[in-house]
Structures are given as C-alpha cells and as structure tokens.
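[1] could you look at this predicted model? Sequence included:
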Amino acid sequence: MRILGTGSALPARRVTNEELTAFLDTSDEWIRTRTGIAERRVLNEESVLSLAREASLRALENAGLNADDIDMIIVSTAKGETVTPATANLLQGEIGAHCPAFDLNAACSGFLYALDLAQPYIDSGKAQRILITCAEAISRLCDWTDRSTCVLFGDGAGAAIVGAGEGLLATRLTSVPNLGALNAYHDPGNNPFQEHKHPASYLHMAGQEVFKFAVSTSSADLRAVAEAAGVGLAEIDFFVLHQANMRILEAVRTRLGQPKEKFPSNIARTGNTSSASVPILLDELNRSGALTPGMLIAMSAFGAGLTSGAALLRWA
Ligand code: COA
C-alpha cells in the first residue's frame, strides 16, 4: 500500500497566545517555552465537516482522482459533526462518493489506526483506493477557562488517499486503558430509568502523565517499526510525529539520537490538532516538495485511550 495523494485544511481564524491572555491567567512566554505553540486555528465559520470536505477534495486533486474512484472512506475524529450518522457518511455526500463510509475514534492516533486498517483491504484487492480523513475540532471539547488544556489545541483536517503500491513497510498500534490521563464524557441523555449518570464534561488531562507516556511510547513505536522493516534509524529521512508539544518531539528525537532537521514541525502555527496533526504535516511536506520518491518516512502518534500508532513508509 502507498499514499497516492494528501490534502489538508485549517480554519481561517488564527488565535495567538497573546489573545488567550485576555481571558486566561497565562502568557505567550509560558505557552511558547512549555509547548512550542505560538498560535493555533480555531473554528468560526467552518465545521468539522467543512474542514473534512476541503482536506479530502485537496487529497483527491493531489492524487488526480475523482470521488467515484474511492472504494471506502474512513474518518478519524474525536467529536464528529453529529453523533449519528457518522461524519464519514456526511463527507461522502459532500464529495459525491459511493462507497462504504464510517468513523473511527482512536483519539490522536487515529491516522495511524486508519492506515493500518486500510492495508488489508488494499493488499487483498477488496478496495483499490481508500480515503482517510482526520477532521478534528478539539475547540469543541476544551474548557476555555482551563489554561492547562485549551492553550494546547487547535482545529484542522488532514487527508490521505491510499492505494496499491510499494510503500508501507511496517505499522504498530498499541492501546492501554487509562481513563484518568485524558478524558471527556458525552451528554448522558435524559433516560428517566438511569439513576446515576456521569454528566457531560470538557476535556480533562493529567499533563505530565500524558507527557511521559508520549515520549516513551513514541520512541518505542518508532524503534519497533524500523526494526520490523529491517531499517536503521539513521536511514530514515523524516520523522513525522504528532504535533502535541515541542518538548515531546525534542525528547523523542534525543532518545533516538537523530538530528533536528529530520523532525519537521508545524506546532508553532497549528497547536495540537489531534489525529489531523500527522496528515496535515505530511501534506505540508508533500506540497513543499520536501518528499522525494524513495525517501523513508516514519510516523508516530499517541493520545487518549491511551493509544499509540506508528508506521514506516517509503514515499512513492
Ligand atoms: N499558563 C501559565 N501557567 C500554566 C498554564 C498556562 N497555560 N498551564 C498550567 N500552568 C501552570 C500550572 O498551574 C502549574 O502551576 P503551579 O506550579 O502553581 O501548580 C505550572 O504551570 C506547572 O504545571 P505543569 O503541569 O507541571 O507544567 P508542565 O511543565 O508539565 O507543562 C503541559 C504542562 C500540559 C504543557 C505538559 O505537561 C504537556 O504538554 N503534557 C502533554 C500534553 C499533551 O501533549 N496532551 C495531548 C496528547 S495527545
């Protein structure tokens, strides 16, 4: 399986760190030094669906395909446009595709989960081309009075179309149950027969616990996919990592003993866009011409669950 095309979309509204200081006890200096984030994009006129649509259409154009060429749509989102139907079904209508479509939620690791899920369909020939779109609006999950979470996130969508070819060399997914580290509860509804309901809640995070998990799991996952593919870390051209925190990226890089230029980053402009993070960065690299055929690209993401995912691919 290989990647045939990529696309991405960000909301128009930029929100700088300075703007956050108007209603939060924080500072540009704190956010920059602790996270590497200078600004993020936040939904205003857009929706999760409109971002998904834009990123998907760009990926189709980049791949030179039409919506009718797509055999399956997988949307990764932590909070889709609607509870039901899935955002993937709505996206299908927006782009005019006729194929099975469904959402998956593996939090920030969603892109890697979707890639892994797509591979047997492509390898077996059951599907020729699969659209993977990660569309996230964590601004809808954040408590905007909680300075320890809302400063970290941004909204956006990233998409990739996969099809047959020599490309994906290895993948690895992990999951360990951990409710306390990162969670948000749905509205429990008004079922009169249920006495004890957990109220809906905003995103809650144990920052340092997630930080430690991220560094250890991402380093281990990247080593594992390199080993599975029989590739030395030094041979890898780019490490495209989930843009959660610049210090996490730096710690993983140091553990792997790799140079800075192999770790591209857009976190300063985007913040953490959850599962959209890796495909947005991949699309930016693709469109900038940084990716040339034959390059080895390692990808890694981690998030609520706790989940993690990594992949090693040869750019085709
Ligand atoms: N502005 C100013 N101060 C802030 C702040 C903000 N936006 N957010 C937290 N603080 C304060 C805390 O209240 C605490 O104050 P105290 O010492 O008076 O109690 C102090 O800063 C240190 O907090 P701490 O949580 O120890 O900071 P940290 O160095 O661990 O950085 C995170 C916090 C959230 C940036 C860091 O833990 C992190 O990035 N974790 C991973 C998060 C992540 O990536 N999640 C998504 C994964 S998909």
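    It's in.

[2] can you tell me which residues in the stretch 201-316 of the chain are near the ligand?
    Met205, Gly207, Gln208, Val210, Phe211, Ala214, Ala244, Asn245, Asn272, Gly303 (CB under 6 Å from any ligand atom). To be clear about C-beta, it is placed using only N, CA and C from the backbone, and glycine gets the same treatment.

[3] now intersect the residues you listed with the helices, please.
    Among these, the members found in helices (DSSP state H) are Gly207, Gln208, Val210, Phe211, Ala214.

[4] filter the residues you listed to the buried ones?
    Buried members of these, counted by 16 or more other CB atoms under 10 Å: Val210, Phe211, Ala214.

[5] residue contacts, the residue nearest the centre of the chain?
    Geometric centre of the chain, nearest residue: Ser275, 1.8 Å, by CA atoms, centre = their mean. Going by CB atoms under 8 Å, 6 or more residues apart in numbering, Ser275 touches 76-78, 106-111, 134, 136, 301, 303.

[6] helix, strand or coil for it?
    Secondary structure state of Ser275, per DSSP: H, G, I helix; E, B strand; the rest coil, is helix.

[7] ok, and the closest non-adjacent residue to it?
    What sits nearest to Ser275 in space, not counting adjacent residues and going by CB to CB, 6 or more residues apart in numbering, is Gly110, at 3.2 Å.

[8] over to His198?
    Tyr185 (5.1 Å).

[9] just the closest of the ones in helices among the residues of the stretch 201-316 of the chain next to the ligand to Gly230, please.
    Closest to Gly230 out of those is Ala214 (26.3 Å), distances taken as CB to CB.

[10] from memory the closest one sits against Ala244, does it?
    Yes - assessed by CB atoms under 8 Å, Ala214 is found in contact with Ala244 at 6.2 Å.

[11] so how many other residues sit close to Ser27?
    14 (other CB atoms under 10 Å).

[12] Ala86: which of the ones in helices among the residues of the stretch 201-316 of the chain next to the ligand is nearest?
    Looking across these and measuring by CB to CB, the closest to Ala86 is Val210, at 26.9 Å.

[13] is it true that that closest one touches Gly180?
    No - assessed by CB under 8 Å, Val210 is found out of contact with Gly180, at 10.3 Å.

[14] from the buried ones among the ones in helices among the residues of the stretch 201-316 of the chain next to the ligand, which is closest to Leu10?
    Ala214 (22.9 Å).

[15] residue contacts, that closest one?
    Contact analysis of Ala214 by CB under 8 Å, 6+ apart lists His242, Ala244, Asn245, Ile248, Val252, Phe302.

[16] dump those residues to a markdown table, plus neighbour count, pLDDT and distance to Asp146.
    Formatted as a markdown table, the contacts of Ala214 follow (neighbours: other CB atoms under 10 Å; pLDDT from 0 to 100; distance: CB to CB, whole Å):
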| residue | neighbour count | pLDDT | distance to Asp146 |
| --- | --- | --- | --- |
| His242 | 30 | 98 | 21 |
| Ala244 | 27 | 98 | 17 |
| Asn245 | 22 | 98 | 17 |
| Ile248 | 24 | 98 | 20 |
| Val252 | 25 | 98 | 26 |
| Phe302 | 28 | 98 | 21 |
